[in-house]
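>>> Predicted model and sequence follow; I will ask about them next.
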Amino acid sequence: MSELFFQQIVNWITLGSIYALIAVGFSLLFGVLNIIHFSHGDVSLLAPFFGLAVISALGSVLGDAGTITTFLLALVVSIAVTGAVGVLLDLVVIQRFRKAPAMMALVATVALGIVLRELIRHLFPNGSNPHAFPRLVDGDIAIAGYSVPLFSLTVVAVSALSVCALFFMLNNTRLGLHIKAVSQDRDAARLMAIHPGRIFRATFFVASAIGAVGGLFFSSYAGMARFDFSIDVGLIGFSAAVVGGLGSMPGAIIGSLLIAGLDTLVQATVPNGASYRLVFVFLLVIGVLVFRPSGLLGRTLVEKV
Amino acid sequence: MGISPSAPVVLEGENLTMRFGGLVAMAEVAFTLKRGEILGIIGPNGAGKSTLLNIITGIYIPSSGEVRLEGQRLNGVPAHRIVARGIARTFQSSRLFADLSVLDNVVIGRHVHTKAGVFDAIFRRGRAKAELDAAAAHAEGLLKSVSRGLYDQRHRPAGELAQADRRRLEIARALATDPKVLLLDEPSSGMDDADTDALMDDIRAVCAQRPELALMIIEHDMRLVASLPDRVMVLDYGQKLADGPYEEIRKIPRVQEAYLGRKATQHAGA
Amino acid sequence: MAHASSSSTSGNPVSGMLTVIAVQAAGALYLRQFLLIDDWRFVLGLLVLFAAVLVFLERVPSVETRIEAAFARHSRLALLMGIALVLGFPFVLEGNTYALHLCVISMLYAVLALALNFQLGSANIPNFATGASYGIGAYASALLALNFGVSFWLALPAAAVVATVFGFLLGIPSMRTRDSYLALVTIAFGVVVHQLLNNLEFTGGPNGLVGIPVPELFGHAFSDPLVILGHTLPPQANFYYLSALLVFISIVFAERLHDSRVGLAWNALRADELAARCQGINVTWYKVLAFAVDAFLAGFAGTIYAFYVGFISPDNFTFLVSVTIMTMVIAGGMDNILGVIVGAFLLTMLPEKLRAFSDYRILFFGITVILFLMIRPQGLFPQRLRRYGD
């Protein structure tokens, strides 16, 4: 295996893990709880900006922008705040559309994504321009004669941990049980003293926080934070969830790896591939939707009449 | 009422089986429906009544078995073509076009009997308009014949109608397709006794005007089942339990125990 | 919404005719003032006036009913007067080329909004790719003109056909998918088209296409001032009349389709797709059809845009253009032709008139969409029930 080829594989898995962090949120919200939330990607990509804001705020207060404590604090705060933003959006906008025709929720959340992007552009100092974003972990480690960036290892490990935690949460905790109850029958769940609103908010927090991790990793991977990253990354995250089958967590991961694989392959082999990558990715999405509308691992739904 | 024993069969099902994943919603059900006949279908919830309707109307494709309309196989024919062949239906939870007028709902029922496409609509306006005006006139006549009260409300949005009128409108909309077979899915659900009686009278009137029309009615209301259908078919756990006149059906112990007993006592008490 | 019942409110014919004339003249005057005013305080004042009129009409339905009845009864007069006002409008703009330019752009957006209305309004299909169809029309016609010397008048229908073919292609996934999935497909289509335009060589990459020739008609170049009855209008007037004609054709299309079996079928699948199937409507076909009709009109608008500005680049046809068009339809009133046109004019001109504010235009569109969907989903002008036989 050539060094270059190996690097591409590392690249692929790193990118796939990042996409998966965003895709599982889409799958959780759309597939499990049946909430239309097109702005999930935009919420996730807020995290790097919150992180930068915390770092600069701490820097001006304490005068130490570079220490590891500030850095970790910034990560934790940005993840929590992003989760809270998800909850807030549900409270203020998204929950109003629960009983409305799907089209309305769809258009409203697409618009919500635009509003979030524009707010960053206007409210964040110099928001239209890219901001340098630090690499969370530096350095390489040698594995079987190849050098692997520690950053990639961290991304893969954290993603795997987060997704496992999410699985565990869904299958083994009360919250997970309640989420499943609400997803199957809102009214019956209410009869069992489960408050659907609370479950929705908890799910929004979890999905947005995991998405935030993905957003932080993505900015760190790209070396910068941009207000318009979320157009591509959000669409790719949603596409990955759709390709895998909305509602299926393993599907979201497989979809992410598939799309990241195609992405890496195109960039490596097609001349000028970097500027065409989305064309290939979306052709894959359209193809999957035409031939397997419920995704690779999705269940086919039978409409109840 | 009653139909002549020699009336030809319009609709028949053979060995109908429907599986959803591992779940068998319907197993080997066979039925026939003669021209001008009214067939009642009863059975507890989950017995497969609605599944049967969905198979006949092409919404589900049966895992095995066959549905035939006047001898022609319907399996695999898309739902909208089945309507054109002469099967119309209503829904248990009336699915009207709520934001359109009552009249528009019935005019849409004329879809299969009108032809104008985009080209006609734009470049042959006169023809398209004449066709649609004729459909509207037909629809008005139909509304009038189904219920005068409904006709008077024809310019209101369908979503504003009272429950009983929604049912009537659904029946009128289905009749607008000029069906040979009309399938009614629990027409009395959500209505009180007085409304149900009025609805039964309307259904009788509809049938009297159309002696050829065959009707299949899924019902829970035993008063309706006892008086309206010529014949009753009982479904239970996706299988056919019995098929015959109401007087015979009601004597079957399993029917009484599983279904009629409870309902009958309720009605005796009421 | 109260219904116009012609028997009770027809009044005498003279007052009906006066109503028609007064309403149309007031509309034209309002538009003129809006276009010529520069001070943002006056612009806000005009907006408040507009809102007040709308609120008044909604509070006092009898007035609205009267106006509606008058227009229904004197439809020919309304049409003739409308044509006269549109033809005469450039003469009262005091030679203000910017105002004329805004009119042209507003009218192109009106066509795009009418195009999208077939899907979003009539059939409730979320299509985020109208901007892409607009771009396909623009590029197709520009390429035909630049590479093969095809004249504007031939490029116009050719580009519409090309856009329609792509519209059909985009519609194919709608056979098997809906709602969120379909929205994803349309967004993806828009992004794919944008990236292709941005990267392909023959589309000129990010720089786009320049030097698109000026259309000519009977030897009159559209870059020359238009002289009518000794009165000279700026060159933009050529495109003003051309776009007005396109708007007129689009309205005719929209009205005829809305009042036809096709419009009814779209409305039926909007209300309840399954019930529509069970009334014999081929839901798949009507969805694809809605995509095709949308792309057809958008292709026309794209061609006129390309020849009007003379150069096009991928950034003229982004996802945000699609969202802008969607905002116009939702704010104006889904499935209401007048509403959609008002929405297009308002949302094209407002950011231009409130300059300080124009950097926030996208934010403004986003918030407008959300607020309308939350507070007034029917838009400024709600849809109306159909009448037959009149």
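Thanks, I have the structure now. Residues are numbered from 1 along each chain as shown, chains lettered A, B, ... in the order given.
>>> can you list the residues of the stretch 101-250 of chain A near chain C?
Applying Cβ under 8 Å from any Cβ of the partner chain, we find that the stretch 101-250 of chain A lies next to chain C at A:101-104, A:106-108, A:110-112, A:114-115, A:118-119, A:122, A:231, A:235, A:238-239, A:242, A:246. All C-beta atoms are positioned from the backbone trio N, CA, C, and that covers glycine.
>>> Keep only those that also lie close to chain B.
Of these, not one also sits near chain B (Cβ under 8 Å from any Cβ).
>>> Can you tell me which of these are buried?
A:102-104, A:106-108, A:110-112, A:114-115, A:118-119, A:231, A:235, A:238-239, A:242, A:246 (16 or more other Cβ atoms under 10 Å in any protein chain shown).
>>> hey, where'd the helices end up in the stretch 101-250 of chain A?
A:102-123, A:150-172, A:174-184, A:186-191, A:196-222, A:229-244, A:249-269 (DSSP state H, counting those that start in this stretch).
>>> Show me the least confident stretch of the ones you listed, going by mean pLDDT.
Ranked by mean pLDDT, the helices of the stretch 101-250 of chain A bottom out at helix A:186-191, with a mean of 77.
>>> Dihedrals phi and psi, C:I281?
Taking degrees, to the nearest 10, you get phi -90, psi 130 for the backbone angles of C:I281.
>>> Hmm, C:R270 and it touching each other?
No. In this structure, C:I281 is not within contact of C:R270 by Cβ atoms under 8 Å, at 11.2 Å.
>>> Could you check which helix or strand contains the residue nearest to C:L209 when sequence neighbours are not counted?
Nearest residue to C:L209, sequence neighbours excluded (Cβ to Cβ, 6 or more residues apart in numbering or on different chains): C:A142, at 4.8 Å. Using DSSP states H and E, C:A142 sits within helix C:130-148.
>>> In terms of secondary structure, what does the helix or strand that comes right after that helix contact?
Downstream of helix C:130-148, the next assigned helix or strand under DSSP H and E is helix C:152-171. In this structure, helix C:152-171 packs against helix C:130-148, helix C:179-199, helix C:283-309, with contacts taken as 3 or more Cβ pairs under 8 Å, 6 or more residues apart in numbering or on different chains; DSSP states H and E.
>>> Show me the shaky parts of chain B.
Within chain B, the stretches with pLDDT under 70 are B:1-3, B:258-270.
>>> Which residues of chain C lie near chain B?
C:3, C:252-253, C:256-257, C:259-265, C:267-268, C:271-272, C:274-283, C:289, C:293, C:383, C:385-389.
>>> where do the strands sit along chain C?
C:216-217, C:220-221, C:226-228, C:231-233 (DSSP state E).
>>> Adding mean pLDDT, write those out as JSON lines.
Output for the strands of chain C, formatted as JSON lines (pLDDT from 0 to 100):
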{"stretch": "strand C:216-217", "mean pLDDT": "85"}
{"stretch": "strand C:220-221", "mean pLDDT": "82"}
{"stretch": "strand C:226-228", "mean pLDDT": "80"}
{"stretch": "strand C:231-233", "mean pLDDT": "82"}
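>>> got those as JSON lines, with mean neighbour count columns?
Listed next are these as JSON lines, based on neighbours: other Cβ atoms under 10 Å in any protein chain shown:
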{"stretch": "strand C:216-217", "mean neighbour count": "14"}
{"stretch": "strand C:220-221", "mean neighbour count": "12"}
{"stretch": "strand C:226-228", "mean neighbour count": "14"}
{"stretch": "strand C:231-233", "mean neighbour count": "13"}
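>>> can you put these in JSON lines and add distance to B:G13?
JSON lines is the format used below for the strands of chain C (distance: least, Cβ to Cβ, whole Å):
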{"stretch": "strand C:216-217", "distance to B:G13": "66"}
{"stretch": "strand C:220-221", "distance to B:G13": "71"}
{"stretch": "strand C:226-228", "distance to B:G13": "72"}
{"stretch": "strand C:231-233", "distance to B:G13": "73"}
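>>> In a markdown table: those strands, plus distance to chain A.
Converted to a markdown table, the strands of chain C look like this (distance: least, Cβ to the nearest Cβ, whole Å):
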| stretch | distance to chain A |
| --- | --- |
| strand C:216-217 | 37 |
| strand C:220-221 | 38 |
| strand C:226-228 | 39 |
| strand C:231-233 | 38 |
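>>> part of a strand, is A:A100?
No. Counting by DSSP: H, G, I helix; E, B strand; the rest coil, A:A100 falls outside a strand, being coil.
>>> That one and chain B, how far apart?
13 Å (Cβ to the nearest Cβ, to the nearest Å).
>>> per-residue confidence at that residue?
So A:A100 comes in at 85 (pLDDT).
>>> so what's B:V83 up against?
B:57, B:112, B:177, B:179, C:277-280 (Cβ atoms under 8 Å, 6 or more residues apart in numbering or on different chains).
>>> Mind listing the residues bridging to the residue of the stretch 151-270 of chain B found nearest chain A?
Proximity of the stretch 151-270 of chain B to chain A (Cβ to the nearest Cβ) peaks at B:D185, 8.2 Å away. Here B:D185 sits in beta bridges with B:I218, as judged by DSSP bridges.
>>> what's around it, how many residues?
By the criterion of other Cβ atoms under 10 Å in any protein chain shown, B:D185 has 23 neighbours.
>>> which residues does it contact?
So B:D185 contacts B:49-50, B:53, B:89-92, B:218 (Cβ under 8 Å, 6+ apart).
>>> Cheers, nothing more for now.
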